[in-house]
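Engineer: This is the structure alone, sequence omitted:
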């Protein structure tokens, strides 16, 4: 991936006055991180939108503040938008230490075509997760993790977390036996149970529970 860069400037305006910045096409933002002082900055709205269209939550961004020759390496941590106009409202950047591992949720991207979808009419693939929690050095954080479904040939075929290739230097922070993908059978029409029958079953269950408490 192409190196992600963004030029910003230090911000003196704070509080409610920042709304005037937004009218000028400037997005107020903050940089923070473990062991670093929080810094208020201004970001050009157009440049920021372009960046966010390419950068995920695990992509390192080289942030150049003013005339500084040494850009900060940061991750996008939180993006606030106007719910009506979708305009950017505020952004938080997290400054990383390149020698310190960090935790992150990496998005999963499903690729390939599953043969079972052609073999079994109306079958479908059920995605049980959409990201994986990992730990790695900032330089080792992947943009996303690919899950190839082209090996799913039969009904009830599965892919588990342990089957997903993470890459060097990455530690999984969830159960490797967790199911990530499963092929499920075609939908069948379910016979409707009369309301009276459902009520009777609920009454019987409640009575049974009450009797068990009395025996205790």
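Structural biologist: On my side now, so go ahead. From a predicted model like this one, the values you see are computed outputs, not experimental measurements.
Engineer: care to break this structure down by domain?
Structural biologist: Using automatic domain parsing, the domain ranges for the chain come out as 4-95, 102-184.
Engineer: Just give me the lowest mean pLDDT stretch among those.
Structural biologist: In terms of average pLDDT, domain 4-95 trails the rest of these, at a mean of 92.
Engineer: got the domains of the chain as a markdown table, with mean neighbour count columns?
Structural biologist: All C-beta spots, glycine's among them, are computed from the backbone N, C-alpha and C. Converted to a markdown table, those look like this (neighbours: other CB atoms under 10 Å):
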| stretch | mean neighbour count |
| --- | --- |
| domain 4-95 | 15 |
| domain 102-184 | 15 |
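Engineer: Straight-line length of stretch 56-73, end to end?
Structural biologist: 14 Å (CA to CA, to the nearest Å).
Engineer: Show residues contacting that stretch.
Structural biologist: Residues outside stretch 56-73 that contact it (CB atoms under 8 Å, 6 or more residues apart in numbering) are 1, 3-10, 31, 39, 41, 51, 55, 74-77, 93, 95-96, 98, 104-107, 138-139, 141-144.
Engineer: same deal with stretch 164-172?
Structural biologist: 101, 108, 132-137, 140, 142, 145-147, 161, 180.
Engineer: Closest one to residue 118 out of those, please.
Structural biologist: residue 147 (19.2 Å; CB to CB).
Engineer: So the closest one, which state does it fall into?
Structural biologist: strand (DSSP: H, G, I helix; E, B strand; the rest coil).
Engineer: mind checking how far it is from residue 130?
Structural biologist: Going from residue 147 to residue 130 by CB to CB, to the nearest Å gives 10 Å.
Engineer: Mutual contacts of the two, please.
Structural biologist: With CB under 8 Å, 6+ apart as the test, residue 147 and residue 130 both reach residue 108.
Engineer: thinking again about what came up before, greatest separation within the contacts of stretch 164-172: which pair is it?
Structural biologist: 137 and 180 (24.4 Å).
Engineer: partners of the helix or strand hosting residue 80, with directions?
Structural biologist: In this assignment (DSSP states H and E), residue 80 forms part of strand 72-81. Strand 72-81 has its sheet partners listed here by DSSP bridges as strand 61-65 (antiparallel), strand 88-95 (antiparallel).
Engineer: tell me how far the longest one is from the chain's mean position?
Structural biologist: Going back to what we said before, that points to strand 88-95. When distances are taken as CA atoms, centre = their mean, to the nearest Å, strand 88-95 is centred 16 Å away from the chain's centroid.
Engineer: In three-state terms, how would the closest residue to residue 103 other than its chain neighbours be classified?
Structural biologist: Nearest residue to residue 103, sequence neighbours excluded (CB to CB, 6 or more residues apart in numbering): residue 135, at 5.0 Å. Residue 135 falls in the strand class when you classify it by three-state DSSP.
Engineer: Against residue 154, how distant is residue 135?
Structural biologist: For residue 135, the distance to residue 154 - CB to CB - is 35 Å.
Engineer: same check, this time on residue 136
Structural biologist: Relative to residue 154, and taking CB to CB, residue 136 is found at 34 Å.
Engineer: so where do the strands sit in the protein?
Structural biologist: 4-10, 26-33, 36-44, 61-65, 72-81, 88-95, 102-111, 124-127, 131-136, 145-148, 158-160, 171-172, 179-184 (DSSP state E).
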